[in-house]
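> Give the three-dimensional model of this entry:
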Amino acid sequence: MATDKDKIKQITDIVKTHCDECFNEDYYKTTKKLIDKLKKNKDFSMDKGKIEGWVAGLLYIVGEDSGLFNQTNWIESKEYISKTDMAKIAEVSVATMKSRASKIREVLPKNAKFVADITYEEDDYDFCFGFDDDDDEDGYEMDEVLQKMADMLGHTITTKEEEYEIYMDKAFDSYDIDEAMEYMKLALMHAKKKIPDHLFKQLEGELWLELDARPYLLIKAELADLYYLKDDYESSVELYNDILRLNKNDNQGIRYKIFPLLILLDKKDQIENLIKTYENDECASMLYNKALYYYRNKNELNAKSFLKKAFKANEYIPDYLLGMGDINSPLPEMYSFGSEEEARFYLECASLAWIETEGALFWLIDEYYLYAKKNDIELLFTKKELKVLIKQAFEEMKNI
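Here you go, the predicted structure:
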């Protein structure tokens, strides 16, 4: 089904706004050509998922095809922007931006290119470095300008660390979890000082829009993660809930971390509210969490329905939950939808909830092997062998 006309207009309007503010008219026209190409495709739709993600993907494709991310562009008087900054413009994560771009690329002709003219005029030169004539009056940090220039030249400039960064470094370097938590609390305190008090009320639910507030939200999530590692799930949930209150759009993906903890703590009211708030989210993590929640509460119909959707969203997750994936691989910093990296991330967040839910892994085996048989997926073990291995693993855990 093709993308709804109203959705196309919304996407186009947002793209126009971003191009007017950050790029040029040709960048908008080129992106508009890409949108026009996609809206004619009856087998492709941008109706599902947040508009910001699709906008980011569109801008990214034009940027990639135009060479916008080349740090040496200044030599040829061309604009440069980092992929991270591109994601910030669209207010999504780099992972989301790349994932949406990948989905779009899949339906484009193999050699299709959407190249915009990114040559800057002399009057546009300031944009290339990220400042304008009024920056001195606004208190713009020249260290940031110098760093951007240095990045283009492949050099590194040492700038003064923020106090919260110093304490974060100490937390990450600590081998003692209690010590790490104390340092992280200090980092959180100093990060909060950077945010004017009135913004907490003025931007409640949208605090991520304030760039100076992002370190505070990110550090609070790190502290919540530490509470999780210490098995203090209640404190972890309390912090995650506060982040979601301040940033309802959840640019940090907190809902995927809090959902399994709410399952462990049997907080049904909070789970139902989470499901309602993000009802349109059909990524793998949310689908597998819903399936587990409904299974735990003996809602077989919903459990099976969401598990089938989850298998289609990411076929690797059952392998990892059942010990057939590379569980020793490092946790990825980013991932694309449907990838093994996404499965590794989900394992980190949700494995305990599956283990602690009686019968859940054996139910997962039954359903996954049916799905694998229908879809010609080869598995390492027979269903009987895997159940024996899982049972042995549970016995070993009891004896520890």
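> contacts, neighbours, all on C-alpha from now
Will do.
> those helices in the stretch 201-350 of the chain, which residues are they?
214-229, 233-246, 254-264, 268-277, 284-296, 300-313, 317-321, 340-356 (DSSP state H, counting those that start in this stretch).
> buried residues in the longest one?
Judged by neighbour count using 16 or more other CA atoms under 10 Å, the buried positions of helix 340-356 are E340, E341, E342, A343, R344, F345, Y346, L347, C349, A350, A353, W354.
> next one: the second one
For helix 233-246, a neighbour-count test (16+ other CA under 10 Å) marks Y233, S235, S236, V237, L239, Y240, N241, I243, L244, L246 as buried.
> Find the nearest non-adjacent residue to the fourth one, please.
Nearest in space to V237, with sequence neighbours left out and distances taken as CA to CA, 6 or more residues apart in numbering, is I258 at 6.2 Å.
> My guess is that neighbour contacts Y240. True?
Yes. Between I258 and Y240 there is a contact under CA atoms under 8 Å: 6.4 Å.
> where does the stretch 101-250 of the chain dip in pLDDT?
120-161 (pLDDT under 70).
> now do 50
122-143, 145-146, 149-150, 152-159 (pLDDT under 50).
> In terms of pLDDT, where does D20 sit?
What the model reports as pLDDT for D20 is 86.
> who's in contact with it?
By CA atoms under 8 Å, 6 or more residues apart in numbering, D20 lies in contact with Y28.
> What of R255?
By CA under 8 Å, 6+ apart, the contact set of R255 is L244, L274.
> Tell me how this protein divides into domains.
With domains defined by automatic domain parsing, the chain comprises 5-129, 161-252, 283-400.
> Wasn't K170 part of a strand?
No. K170 is assigned helix when assessed by DSSP: H, G, I helix; E, B strand; the rest coil, not a strand.
> wouldn't it be in contact with A180 here?
Yes. Counting by CA under 8 Å, A180 is a contact partner of K170 at 7.2 Å.
> out of those two, which sits in the more crowded spot?
A180 (21 against 17; other CA atoms under 10 Å).
> So that one versus D366, what's the distance?
Separation of A180 from D366 (CA to CA, to the nearest Å): 41 Å.
> so how far is P318 from A372?
A372 is 11 Å from P318, by CA to CA.
> Can you list the neighbours in contact with stretch 280-288?
Taking CA under 8 Å, 6+ apart as the rule, stretch 280-288 contacts 48-49, 256, 306-307, 309-311, 313-314, 337-338, 346.
> First-to-last residue distance for it?
So stretch 280-288: terminal residues 14 Å apart, CA to CA.
> List the buried residues of it.
E282, C283, A284, S285, M286, L287, Y288.
> starting at the chain centroid, how far to it?
Stretch 280-288 sits 13 Å away from the centroid of its parent chain (CA atoms, centre = their mean, to the nearest Å).
> I'd guess D65 is in a strand, am I close?
No. The assignment for D65 (three-state DSSP) gives helix, which keeps it out of a strand.
> Next up, the contacts around it.
Here D65 is in contact with K113, F114, V115, A116 (criterion: CA under 8 Å, 6+ apart).
> Give the ChimeraX command for selecting the buried subset of these.
In ChimeraX, this line selects whichever of the contacts of D65 come out buried by 16+ other CA under 10 Å:
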select :114,115,116
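> Of the contacts of D65, which is the nearest to G323?
Nearest to G323 among the contacts of D65: K113, at 41.6 Å, using CA to CA.
> Chain neighbours aside, what residue packs nearest to the closest one?
Going by CA to CA, 6+ apart, K113 has D65 as its nearest residue, at 6.0 Å.
> export the domains of the chain to JSON lines and tack on distance to Q270?
Converted to JSON lines, those look like this (distance: least, CA to CA, whole Å):
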{"stretch": "domain 5-129", "distance to Q270": "23"}
{"stretch": "domain 161-252", "distance to Q270": "10"}
{"stretch": "domain 283-400", "distance to Q270": "12"}
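> The ones you listed: which one's closest to E272?
Between the domains of the chain, domain 283-400 lies closest to E272; by CA to CA that is 9.9 Å.
> Any idea how far that closest one is from the middle of the chain?
Using CA atoms, centre = their mean, the offset of domain 283-400 from its chain centre is 21 Å.
> Next: stretch 102-110.
The answer for stretch 102-110 is 21 Å, by CA atoms, centre = their mean.
> Check the closest residue in space to R344 that isn't next to it in sequence and give its pLDDT.
Excluding the flanking residues, the one nearest R344 by CA to CA, 6+ apart is L331, at 6.5 Å. Per-residue pLDDT puts L331 at 70.
> Tell me, how many residues neighbour L331?
Neighbours of L331 (other CA under 10 Å): 16.
> Spit out the contact partners of it.
If you count contacts by CA under 8 Å, 6+ apart, L331 has them with E341, R344, F345, E348.
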